[in-house]
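> coords below, sequence missing:
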DNA sequence: TCGGTTTATTAAAACGTTTTCGCTGCTCTT
DNA sequence: AAGAGCAGCGAAAACGTTTTAATAAACCGA
């Protein structure tokens, strides 16, 4: 590998001058600067990122916490899209991203220790298990951090507007004439709490009665469990006219349960999902859902994190809420 | 940050001894070794990975090439799963993974240059655009490399058995009595060539006629295009009894086209997919497909790559083929 | 002409490791 | 008793940068 020393030898200048020339410092003449840059290119020079990191304490590397738990993680379209947009934005701004985990190579290392070991400049929690104690070590640590869809005190976060998202959906189905609505919720979590809040508030505002037996607690991203819960709901006597599913993916389970029960969507019963993942468009009938702005969530998170890194003094810690939009399919009937 | 020097001061030994003690070299007595390890732990010492990398030329970091093209990349379940399993296995073996791209931070840098800059120990091409000239720079470079679902001369690769996979599917539908089979192919690529070969060969072996007007060339992972092609196929006079879709995801388009045409699956026409992604199980009727062993593909790729890195002399360059298995749903009728 | 300022350059230290080699003492042979 | 061998430890160089402080050269105004 060609190093600064090699270039300095070739150009008859010192290593210091080469370094400054390549980093465009002002205290080196235009002539030598040009000469150095030229031969650097000729020799195929590339800086050594770890040597640089060693001196500057900056790696231009972002750590991403991302769990692999079944059903979540990379194969979850929502998170995959957010990660993708986060990655793209970070790269645009000059940062690479590295997955951070624990237990690397058998040696136990906490997530935070791993971050310090790799010297990442900042951390993004994109899809993590917030019940993991490791998380708090990171949150209480002193590395820049941005979380997604979860809020910690004194830390920046980017969240989708789960509360108003549900409210908009309620508005919509209300406008279609629905008054008895069931809600199959996801797993207890910050996100789920918000959606539940939004649901209850919107119902109360519209004068829709919230009946406990129509509020089921289930699981995100699980067609199986949603299948069972939907079945249970349908077997109960008082049938709602519309069912809110935990998310689009689990809505498949709901669809199947309804069909297996001999009912038609939306003629006999209406269905709405949440997330707006690509394939919800291809369900038949097309699913009405709340499409999250994954591109914006990911890119804002990257921008915020990098801003915390590069100008800590002037960047304020805040919670950024990203709006989505209703995606109307054919799964909600107008029953007015 | 606490460094070796700090520990050496506290223990009244030299930096060298500390380093050796922590790396468990044999030329330091058990007593001092224990003492050093103990105080290192007390002081919260963690090695600095870039300083170490600078000396040893090993980063324990793997570069992953992964394109973000629409429809491919992270949101493609097959690749997401492979990546996930690759990541898990690599971490188990002590390696982190970093996404490699070009144009980081506005400065143009080829993929290979980026790898050298970050000093990754090896590269995995998991889902890349093989028409990109950058790819060849990497292939011709001298970093360890493993490709997935694509074979380069003199490079190790892990591939799914596209050829026999299709053959097994043909065997299956043949056993169900199908003799006129249509094949909507994906985009021209190495993978597609293999599947096509398998299809043609298997048909010839069984005496099934391969009619050109039933071989359509389409796109992977595109329900829209597959919808159009399926429609076109159905509007042609001679209707096949079974259609092979490019993959499970695009099969949704096929399903919709068939339903819109007023036909039932599988009573009027049978359908098979490819990949065995999770949600194909929830299509109704459940899709018959060829389930790829994504877990094995990813983990074998990681093992092979790391083996190339750690014992280059004794690791042979080879193409590893990973078998999948038919996943029988209800989308193929028995018409015997 | 001279002191002062600016400009261009460099030597050297530093970042935190790993590793080679050499230096002690000690034990073991003979 | 003397040499060989060995175990335990340290000094120092090296990896490739960046940065500070010092030096040298050129220029400029009075």
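Arrived safely. This is a predicted model, so every value here is computed, not measured.
> from here on, contacts and neighbour counts on C-alpha atoms
Noted.
> after the helix or strand in which residue A:134 is found, which helix or strand is next?
If you go by DSSP states H and E, residue A:134 is part of helix A:133-140. Counting by DSSP H and E, the next helix or strand C-terminal to helix A:133-140 is strand A:145-148.
> for the next helix or strand after that next one, buried residues please.
Following strand A:145-148 in sequence order, the next helix or strand is strand A:156-160 (DSSP H and E). Under the neighbour-count criterion of 16 or more other C-alpha atoms under 10 Å in any protein chain shown, strand A:156-160 has A:156, A:157, A:158, A:159, A:160 buried.
> how far off centre is strand A:156-160?
Centroid separation for strand A:156-160 versus its chain: 9 Å, with C-alpha atoms, centre = their mean, to the nearest Å.
> check stretch A:294-304 too.
8 Å.
> pLDDT of it, averaged?
For stretch A:294-304, mean pLDDT rounds to 97.
> so is it next to chain B?
No: Stretch A:294-304 does not reach chain B (C-alpha under 8 Å from any C-alpha of the partner chain); its nearest approach is 11.9 Å.
> list of residues touching that stretch?
A:78, A:81-90, A:124, A:146-148, A:156-160, A:322 (C-alpha atoms under 8 Å, 6 or more residues apart in numbering or on different chains).
> PyMOL command for the buried members of those?
The buried subset of the contacts of stretch A:294-304, as determined by 16+ other C-alpha under 10 Å, is captured in PyMOL by this line:
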select buried, chain A and resi 78+81+82+83+84+85+86+87+88+89+90+124+146+147+148+156+157+158+159+160+322
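> got the buried residues of strand A:156-160 as TSV, with distance to residue A:283 and pLDDT columns?
As requested, these are exported to TSV (distance: C-alpha to C-alpha, whole Å; pLDDT from 0 to 100):
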residue	distance to residue A:283	pLDDT
A:156	36	97
A:157	33	97
A:158	30	97
A:159	27	94
A:160	24	93
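> for those, which one is nearest residue B:169?
residue A:160 (42.9 Å; C-alpha to C-alpha).
> what about the closest residue to residue A:162 other than its chain neighbours, which helix or strand?
Counting by C-alpha to C-alpha, 6 or more residues apart in numbering or on different chains, the nearest residue to residue A:162 once its immediate chain neighbours are dropped is residue A:195, at 5.2 Å. In this assignment (DSSP H and E), residue A:195 forms part of helix A:190-206.
> show me where the stretch 1-150 of chain A dips below the pLDDT cut-off.
A:68-72, A:103, A:105-106 (pLDDT under 70).
> and it, which of its residues are near DNA strand D?
A:1-5, A:15-17, A:19-20, A:23, A:45-48, A:51-52, A:54-56 (C-alpha under 7 Å from any atom of the strand).
> domains in chain A, as residue ranges please.
A:4-47, A:61-160+A:295-324, A:162-291 (automatic domain parsing).
> can you list the residues of the stretch 51-200 of chain A near DNA strand C?
A:51, A:54, A:55.
> mind listing what the first one touches?
Contacts here follow C-alpha under 8 Å, 6+ apart; on that basis residue A:51 touches B:50, B:51, B:54.
> now with 7 Å, please.
B:50, B:54 (C-alpha atoms under 7 Å, 6 or more residues apart in numbering or on different chains).
> checking it next. Helix, strand or coil?
Under DSSP: H, G, I helix; E, B strand; the rest coil, residue A:51 falls in the helix class.
> how far away is it from residue A:125?
In this view, residue A:51 and residue A:125 are 28 Å apart by C-alpha to C-alpha, to the nearest Å.
> what comes into contact with stretch A:317-329?
Contact with stretch A:317-329 is made by A:154-161, A:165, A:169, A:276, A:286-293, A:297, as judged by C-alpha under 7 Å, 6+ apart.
> just the buried subset of those, please.
So, by 16+ other C-alpha under 10 Å, the buried ones in the contacts of stretch A:317-329 are A:155-161, A:165, A:169, A:276, A:286-293, A:297.
> if we look at DNA strand D, which of those are close to it?
Of the buried ones among the contacts of stretch A:317-329, not one also sits near DNA strand D (C-alpha under 7 Å from any atom of the strand).
> in helices, which of the residues of the stretch 1-150 of chain A next to DNA strand D appear?
A:4, A:5, A:15, A:16, A:17, A:19, A:20, A:51, A:52, A:54, A:55, A:56 (DSSP state H).
> buried subset of these?
A:4, A:15, A:17, A:19, A:51, A:54.
> which pair in those spans the largest distance?
The widest separation within these (C-alpha to C-alpha) is 19.4 Å, between A:17 and A:54.
> interface residues of chain A facing chain B?
By the rule C-alpha under 7 Å from any C-alpha of the partner chain, the part of chain A lying against chain B is A:46-51, A:53-54, A:74-75, A:77, A:80-81, A:84, A:91-99, A:104-106, A:117-118, A:252-253, A:282.
> if any of the residues you listed are buried, give me the PyMOL selection for them.
Buried members of the residues of chain A next to chain B, defined by 16+ other C-alpha under 10 Å, are picked up in PyMOL with:
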select buried, chain A and resi 46+47+48+49+50+51+53+54+74+75+77+80+81+84+91+92+93+95+96+97+98+99+104+105+117+118+252+253+282
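> can you map out the strands along the stretch 151-300 of chain A?
A:156-160, A:181-185, A:215-217, A:242-244, A:270-272, A:289-291 (DSSP state E, counting those that start in this stretch).
> give the burial count for residue A:226, as a bare number.
31 (other C-alpha atoms under 10 Å in any protein chain shown).
> surely it and residue A:254 touch.
Yes: using C-alpha atoms under 7 Å, residue A:226 is in contact with residue A:254, at 5.7 Å.
> how far away is residue A:224 from residue A:248?
Residue A:224 is 13 Å from residue A:248, by C-alpha to C-alpha.
> cool, and residue A:152?
27 Å.
> more neighbours: those two, which one.
Taking neighbours as other C-alpha under 10 Å, residue A:152 and residue A:248 compare with residue A:248 leading, 30 against 13.
> tell me where chain A has helices.
Using DSSP H, helices in chain A cover A:4-11, A:15-22, A:30-42, A:49-56, A:77-92, A:111-118, A:133-140, A:162-175, A:190-206, A:223-235, A:248-260, A:294-310.
> out of those, which gets nearest to residue B:306?
helix A:111-118 (19.3 Å).
> tell me which other helices or strands that closest one touches.
Contacts defined by 3 or more C-alpha pairs under 7 Å, 6 or more residues apart in numbering or on different chains; DSSP states H and E place helix A:111-118 against strand A:96-100, helix A:133-140.
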